[in-house]
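Chemist: could you look at this predicted model? Sequence included:
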Amino acid sequence: MNPSPKHKLTPSERGWYKRVAGKSRWVCSFISAPTGELADAIFEDRFKELARPKPKDDGAPKLLKLVTEFMAMKVRAGATGKLYVRTVAEYHESLKLMLSAVGSTDPRRLTPRHFALIADDIAHFGLDRRAKHIINIRSFFNWLVEMDIIATAPRYGPQFQLPTAKERRKAKAQRKREHGGSMTYDASEVKRILAHAKPIYRAMILLGLNAAYGNADIARLPRNIVGRSWLEFERGKTGAERRCKLWPETRHAVARVMKLRLHVDLVFATRFGAPFVTDKKRDQIGTRFTAICRLAGVQERGFYGLRRTFRTVADETGDERSAKLIMGHSDRREDVGGMYIHDIIRERLERVSDHVRRRLQVQESYRQAIELEKKRESERQLHARAMRVAANGRQNARRKLQGRSDRPRSIAQTPAGSKQSDRPASGRESAQPA
């Protein structure tokens, strides 16, 4: 049999063949195309498929299955306390974005173009958020290498890279311009924030300034370690050691909250007994703090700005080691000297804490906040008492009107022709003879 007339398809024992992209491709059988003209027509219809054939499935696991296995491991680590709960949520968000960008494909076939798609999808996030997504996705592929699922990590390309130091400096300068030139709170702003905060949030704010606690640290603070002058509680994010002396104002504010017994194990909880922070999408501390700043007329820099405020003011003492211990910052690997420092005397930590307290004028601000709270409570009670008196007056007036309408009519007011009651009159009249 001769080749097809148009595309020169080669006949063989099984059917028609054609060399496409340097490889011999089977087009169709003789049953489907008994003549060369029909074979040419089928070849034209299947040309795209023949030029770019789908890769054969060799049974390798797809991304979706691997992500599910990876997240199951992270969830177990979060349940046992080895991993922070919010970190698990961040992994889930990052890998979900990756799957939506590249789909569930073979991880060995990922190219820099695929990671460029992921970079485009996370481009609208802030610099720190983008860096977190990149780190989480790279951690997933490093896990695939460690589990011997893939031989080497994929090539990420130039677009899927961590922000450079120059980009971070520009982002920091931009944030400063947006927040009025500073990312910290001064003494006057702290005074207004404390004055407009309710007792439970006032205690949170003082812990943020005193112990440099973040949102999640406060949300998971247990009751059994609070109540003493010193607070020792490891950082949940890194497990680093933390130690600080609590101010008298902080102890007083926290004690008021603990009397409410909002939760069995935690110091702070909502009125329904739930933690204030569960994951990144449910942070009631940050939301409420934003509302307090707006009410106080203060430029909002986030609840984490309290932690930055502590670190900035504490740096004025020159005792960096003590400030790092209070904040829960672990030493870097290149800091060999930090490995030999096993303890810091309490006097150094107390000196840093007292300096921050004086610098921010916490004592005077807290005293005025308590006085203002008592004044508001007194006004509220007076208003409630006045409302009760007004309500009782209206109720008594309605009763008088109702009593007048229910009073029986006299004989003079009885209409003519109406029958008198057969019931004998009471009193002296009923005793007189007819």
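Modeler: Great, that's in hand. This structure is a prediction, so every number in the text was calculated from the model and none was measured.

Chemist: Ser139 and Arg380: what is the separation?
Modeler: 52 Å (C-beta to C-beta, to the nearest Å). Quick note: C-beta positions are derived from backbone N, CA and C, even for glycine.

Chemist: same check, this time on Phe160
Modeler: Here the distance between Phe160 and Arg380 works out to 57 Å (C-beta to C-beta).

Chemist: so which of those two has more stuff around it?
Modeler: More crowded of Phe160 and Arg380, by other C-beta atoms under 10 Å: Phe160, with 20 against 10.

Chemist: hang on, that one in a strand?
Modeler: No: Phe160 is assigned coil when assessed by DSSP: H, G, I helix; E, B strand; the rest coil, not a strand.

Chemist: need the contact list for the closest residue in space to it that isn't next to it in sequence.
Modeler: Nearest residue to Phe160, sequence neighbours excluded (C-beta to C-beta, 6 or more residues apart in numbering): Phe115, at 3.8 Å. By C-beta atoms under 8 Å, 6 or more residues apart in numbering, the contact list for Phe115 reads Pro154, Tyr156, Gly157, Gln159, Phe160.

Chemist: in PyMOL, how would I select the buried members of those?
Modeler: To isolate the buried subset of those in PyMOL, counting by 16 or more other C-beta atoms under 10 Å, use the following:
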select buried, resi 154+156+160
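
Chemist: most widely separated two among the contacts of Phe115?
Modeler: Maximum pairwise distance in those, criterion C-beta to C-beta, is 13.4 Å, between Pro154 and Gln159.

Chemist: so who does Leu206 touch?
Modeler: Leu194, Trp247, Glu249, Thr250, Ala253, Val254, Val362, Tyr366.

Chemist: roughly how far apart are it and Thr184?
Modeler: 16 Å.

Chemist: also Leu64?
Modeler: In this view, Leu64 and Thr184 are 44 Å apart by C-beta to C-beta.

Chemist: out of those two, which sits in the busier spot?
Modeler: Neighbours were counted for Leu64 and for Thr184 using other C-beta under 10 Å; Thr184 has more, 17 against 13.

Chemist: which residues of the stretch 101-250 of the chain score low on pLDDT?
Modeler: 179-181 (pLDDT under 70).

Chemist: which stretches in it count as helices?
Modeler: 112-121, 127-146, 165-178, 187-196, 199-210, 215-219, 248-260 (DSSP state H, counting those that start in this stretch).

Chemist: okay, those in CSV with distance to Arg228 next?
Modeler: Below are these laid out as CSV (distance: least, C-beta to C-beta, whole Å):
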stretch, distance to Arg228
helix 112-121, 48
helix 127-146, 35
helix 165-178, 37
helix 187-196, 23
helix 199-210, 14
helix 215-219, 17
helix 248-260, 9
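
Chemist: nearest to Tyr304, of the ones you listed?
Modeler: Once those are compared by C-beta to C-beta, helix 215-219 is nearest, at 7.1 Å.

Chemist: next one: phi and psi at Gln159?
Modeler: phi -80, psi -20 (degrees, to the nearest 10).

Chemist: hmm, Pro112 and it touching each other?
Modeler: Yes: assessed by C-beta atoms under 8 Å, Gln159 is found in contact with Pro112 at 7.5 Å.

Chemist: okay, now Ser12: neighbour count?
Modeler: Number of residues near Ser12 (other C-beta under 10 Å) recorded here: 12.

Chemist: ok, which of the helices of the stretch 101-250 of the chain comes nearest Ala79?
Modeler: Across the helices of the stretch 101-250 of the chain, closest to Ala79 is helix 215-219 (C-beta to C-beta), at 16.6 Å.

Chemist: check which helices and strands that closest one sits against.
Modeler: helix 199-210, strand 277-279, helix 284-296 (3 or more C-beta pairs under 8 Å, 6 or more residues apart in numbering; DSSP states H and E).

Chemist: what about stretch 5-18, start to end distance?
Modeler: 13 Å (C-alpha to C-alpha, to the nearest Å).

Chemist: pull out the buried residues from that stretch.
Modeler: Neighbour-count burial for stretch 5-18 [16+ other C-beta under 10 Å]: His7, Leu9, Thr10, Pro11, Gly15, Trp16, Tyr17, Lys18.

Chemist: now the fourth one, which residues is it bridged with?
Modeler: Going back to what we said before, that points to Pro11. Trp16 (DSSP bridges).

Chemist: hang on, it packs against Met1?
Modeler: Yes: the pair Pro11 / Met1 is scored as a contact, 4.3 Å apart, by C-beta under 8 Å.
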